[in-house]
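Enquirer: Need the 3D shape of this:
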Amino acid sequence: MIAAAGQGHVAPGVVLGDGALVHESAYVDAGAVIGAGTRVWHFCHVLGGAEIGAHCSLGQNVVVMNGVLVGDNAKIQNNVSLYEGVELEADVFCGPSMVFTNVYNPRSAVSRKNEYRRTLVRRGATIGANATIVCGITIGRFAFIGAGAVVNRDVPDYALIAGVPGRRIGWMSEDGHKLESLSLTGAEGAHELLRCPGTDVRYERHGDVVVRLEGTV
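Expert: The predicted model follows:
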């Protein structure tokens, strides 16, 4: 593993944080920033202008394009490409071979480099294996996208999404458990008290807005 710029395929001018390591088969271009303790594994390519936070993991064959921002402690599994316009906040998990896009209506013969759409994945969200995220949307904090789902609209915090097109089928806790309903009140069940079966932490839902209730355990 390589721990210093100017060695192997890690270009001079790359910023490598303390303890960051890059596999000998990976390429990191000048201008890229790799945070402390991050691991870049086999056959990855990180382009200049990409900024990757501390203690991240880039699995085999991951590509990170110019201008992409990745927060601390993100885990990006094998065969994922982060295209321009994608931003991942801290603690995001991208499952194997999931797909981001950055143009809504691509044509091979038409340049749309000025039409890239921003996709934001908020803190703690999980995207399952082989899911597809259509560009221009925001995936909320601690949302959970099931394997193979196709998501083409904004996702609320804590939402559990599955299917094609992706639809909300429940709510997920910060610990990664499907929330159980404790009570349902209000017109058309607008207000709901929820519980994480893994930690016993309570959550409260008003419409499509879920918040964690602090101090419940």
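Enquirer: helices and strands of this structure: which one has the lowest mean pLDDT?
Expert: Within the chain, no helix or strand scores below strand 180-185, which has a mean of 91 by mean pLDDT, DSSP states H and E.
Enquirer: Mind giving me the packing neighbours of that one?
Expert: Judged by 3 or more Cβ pairs under 8 Å, 6 or more residues apart in numbering; DSSP states H and E, strand 180-185 is in contact with strand 191-195. Every C-beta, even on glycine, is put in place using the N, C-alpha and C of the backbone.
Enquirer: Show me which parts of the strand it packs on are buried, residue by residue.
Expert: Neighbour-count burial for strand 191-195 flags 192-195 (criterion: 16 or more other Cβ atoms under 10 Å).
Enquirer: and the residues you listed as a markdown table, adding distance to residue 96 and pLDDT?
Expert: As requested, the buried residues of strand 191-195 are exported to a markdown table (distance: Cβ to Cβ, whole Å; pLDDT from 0 to 100):
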| residue | distance to residue 96 | pLDDT |
| --- | --- | --- |
| 192 | 33 | 94 |
| 193 | 35 | 96 |
| 194 | 30 | 97 |
| 195 | 31 | 97 |
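Enquirer: Closest to residue 49 out of the residues you listed?
Expert: residue 194 (40.9 Å; Cβ to Cβ).
Enquirer: residues contacting the residue nearest to the spatial centre of the chain?
Expert: Taking Cα atoms, centre = their mean as the criterion, residue 92 is the residue nearest the geometric centre of the chain, at 4.2 Å. Counting by Cβ atoms under 8 Å, 6 or more residues apart in numbering, residue 92 touches 70-71, 74-75, 121-127.
Enquirer: and the gap between residue 6 and residue 34?
Expert: Distance of residue 6 to residue 34, computed by Cβ to Cβ, to the nearest Å: 14 Å.
Enquirer: Those two: which is more packed in?
Expert: residue 34 (28 against 11; other Cβ atoms under 10 Å).
Enquirer: so that one touches residue 19, yeah?
Expert: No: assessed by Cβ atoms under 8 Å, residue 34 is found out of contact with residue 19, at 10.3 Å.
Enquirer: which regions of the protein sit below the pLDDT cut-off?
Expert: Scanning the chain for pLDDT under 70 picks out 215-217.
Enquirer: For residue 61, state which of the buried residues of strand 191-195 is nearest.
Expert: Of the buried residues of strand 191-195, the one sitting nearest to residue 61 (Cβ to Cβ) turns out to be residue 194, at 38.0 Å.
Enquirer: so the closest one touches residue 204, yeah?
Expert: Yes: counting by Cβ under 8 Å, residue 204 is a contact partner of residue 194 at 7.1 Å.
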